[in-house]
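Engineer: Got a predicted model here, sequence first, then my questions.
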Amino acid sequence: MTAELNPFVYDDPLPPAELVDREAEAEQLLRLAEGGHNTRLQAPRRYGKTTLLGKVAEEASKIGMNTVYVDFFRAITLPEVSRRIEEAYLSALGGPARRAVSAVTRRWTAKVVVTPGGVGGEVEPVQRREQQRLADMLDLPKKVFERSGVRTLVVFDEFQDLLRISSEVDGLLRSKIQFHRDEASYIFVGSEPGMLNALFTDRERPLFDQARPISLDPLRDEDLIEYIGERFERAERDPREALDALVDLARGHPQRAMLLAHHLWEQTPRGDTADLEMFDRALGSVDRETGEAFEKLWDDLADKPNQRKVLAALASSVETLYNRRTLQAYALEKGSAEAAARALTDRGHLQRAQRGFRLVDPLLERWLQRTQR
């Protein structure tokens with residue numbers, strides 16, 4: 001008998017068909033792209049951005065647009081950036097559009113410059129040559145449009161990593177996309193809100209006001225209940241009271257909800273009803289799986305004691321961060337607490353909330369409550 005497969009995937013993005021509670025955002029991104037507008041989508045990591053973008057790309061293809069997805073996660077050199085752009089276009093396009101891309105990229109394949117000393121030397125400085133190569137890659141939408149007459153939706157994911165490579169990249173990008181009004185629409189995606197905001201809201205930066213901001217809110221409880229409950233019932237399991245506890249803990253965090261549902265499903269036999277004891281066992285499995293990553297995050301903040309204090313305070317204090325009792329309990333001054341909270345927000349660990357700040361990851365909050373007493 002074939003083992004029953006767990007329907008809750010949490011270590012990879014869900015396919016577009018599994019999109020939960022993002023229909024309005026998908027529609028908005030698609031309509032703006034179709035109208036030639038650029039957008040910037042910002043949300044913490046593991047917050048459903050990739051699944052949403054997959055849905056947008058799928059719908060864009062249906063209305064006749066080319067779609068190209070480039071992931072800059074951990075790119076550290078200009079050659080790597082150019083290679084990723086090149087590969088994204090070649091894998092996404094076919095026919096005349098792909099041939100137009102190939103005509104450009106082949107010029108840069110195994111390029112050798114002849115010097116007076118023989119073959120193999122370089123006359124052009126490497127940095128200047130790589131900037132020119134990147135400029136050509138960024139201009140590919142014009143070449144594609146010339147051959148196909150079709151607009152391209154270009155998604156630049158983890159965009160902040162591209163901008164870390166060189167302080168001149170955003171200027172180069174602006175010099176290209178400002179002439180792509182008819183040829184391309186861009187979605188700039190990032191998981192570090194502080195850096196994206198600085199790039200697009202600072203009047204001194206080249207990309208100022210070049211993309212409309214769109215943020216992702218937590219998933220709605222009712223949508224998570226429907227999504228998770230339906231899959232339990234399909235497998236002849238009843239999540240019952242455990243589902244309420246799961247949704248309360250997940251706080252609308254997409255990946256954390258799937259992680260919790262995955263482990264609860266593992267604890268619930270076919271034909272049985274999940275109870276709070278089963279949920280506690282599921283939480284034990286989740287704690288073991290996530291603990292190492294949280295310990296590494298804590299270790300990485302060893303030279304940032306105020307950030308550690310702010311995380312611990314937000315996880316455990318019943319008062320707001322700037323409340324006098326909270327500041328005294330964690331040996332913080334209001335100014336240092338504010339600076340630490342802002343840095344953690346910029347990195348995507350905190351979100352602004354009605355009463356100040358809150359942790360993005362509910363499981364990190366749980367870990368802090370258990371370990372930083």
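Structural biologist: All right, it came through fine.
Engineer: domain assignment for this protein?
Structural biologist: The chain is divided into the following domains under automatic domain parsing: 22-215, 219-300, 302-373.
Engineer: measure the longest one end to end?
Structural biologist: Pointing back at domain 22-215 there. 11 Å (C-alpha to C-alpha, to the nearest Å).
Engineer: likewise the shortest one?
Structural biologist: Between the start and the finish of domain 302-373 there is a gap of 17 Å, counting by C-alpha to C-alpha.
Engineer: any idea how far that domain is from the chain center?
Structural biologist: Centre-to-centre, domain 302-373 and its host chain are 23 Å apart (C-alpha atoms, centre = their mean, to the nearest Å).
Engineer: Flag the helix or strand of this structure with the lowest per-element mean pLDDT.
Structural biologist: Lowest on mean pLDDT, DSSP states H and E among the helices and strands of the chain sits strand 114-115, with a mean of 43.
Engineer: circling back to that earlier point, among the domains of the chain, which is nearest residue 11?
Structural biologist: Among those, domain 219-300 comes nearest to residue 11, with 8.5 Å by C-beta to C-beta. All C-beta spots, glycine's among them, are computed from the backbone N, C-alpha and C.
Engineer: Turn the domains of the chain into a markdown table, including distance to residue 15.
Structural biologist: Shown next, in a markdown table, are these (distance: least, C-beta to C-beta, whole Å):
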| stretch | distance to residue 15 |
| --- | --- |
| domain 22-215 | 7 |
| domain 219-300 | 13 |
| domain 302-373 | 24 |
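Engineer: can you tell me which of those the model trusts least?
Structural biologist: Looking at these, the lowest mean pLDDT belongs to domain 22-215 (a mean of 89).
Engineer: Name the next helix or strand downstream of the longest helix belonging to the chain, please.
Structural biologist: Looking across the chain with DSSP state H, the single longest helix is helix 276-300. The element immediately downstream of helix 276-300 (helix or strand, assigned by DSSP states H and E) is helix 305-316.
Engineer: can you pull the buried residues of that following helix?
Structural biologist: Applying a neighbour-count criterion of 16 or more other C-beta atoms under 10 Å, one finds 306-316 buried in helix 305-316.
Engineer: Beyond that helix, next helix or strand please.
Structural biologist: helix 324-329.
Engineer: could you give the angle of whichever helix or strand comes after that next one to helix 305-316?
Structural biologist: Toward the C-terminus, helix 324-329 is succeeded by helix 334-346 as the next helix or strand (DSSP H and E). On the basis of axes from the mean of the first three to the mean of the last three C-alpha atoms, to 10 degrees, helix 334-346 is oriented at 80 degrees to helix 305-316.
Engineer: So what touches helix 334-346?
Structural biologist: Contacts with helix 334-346, where a contact means C-beta atoms under 8 Å, 6 or more residues apart in numbering, come from 192-195, 304, 306-307, 309-311, 313, 321-322, 327, 332, 350-352, 356-357.
Engineer: Equivalent analysis for stretch 268-277, please.
Structural biologist: Residues contacting stretch 268-277 (C-beta under 8 Å, 6+ apart): 4, 232, 235-243, 245, 264, 267, 278.
Engineer: Let's see that with 6 Å instead.
Structural biologist: Outside stretch 268-277, the residues within contact range by C-beta atoms under 6 Å, 6 or more residues apart in numbering are 236-240, 242, 264, 278.
Engineer: for stretch 44-58, same thing?
Structural biologist: So stretch 44-58 is contacted by 13-14, 16, 19, 22, 26, 29-30, 43, 67, 155, 189, 191, 216, 254-255, 348, 360 (C-beta under 6 Å, 6+ apart).
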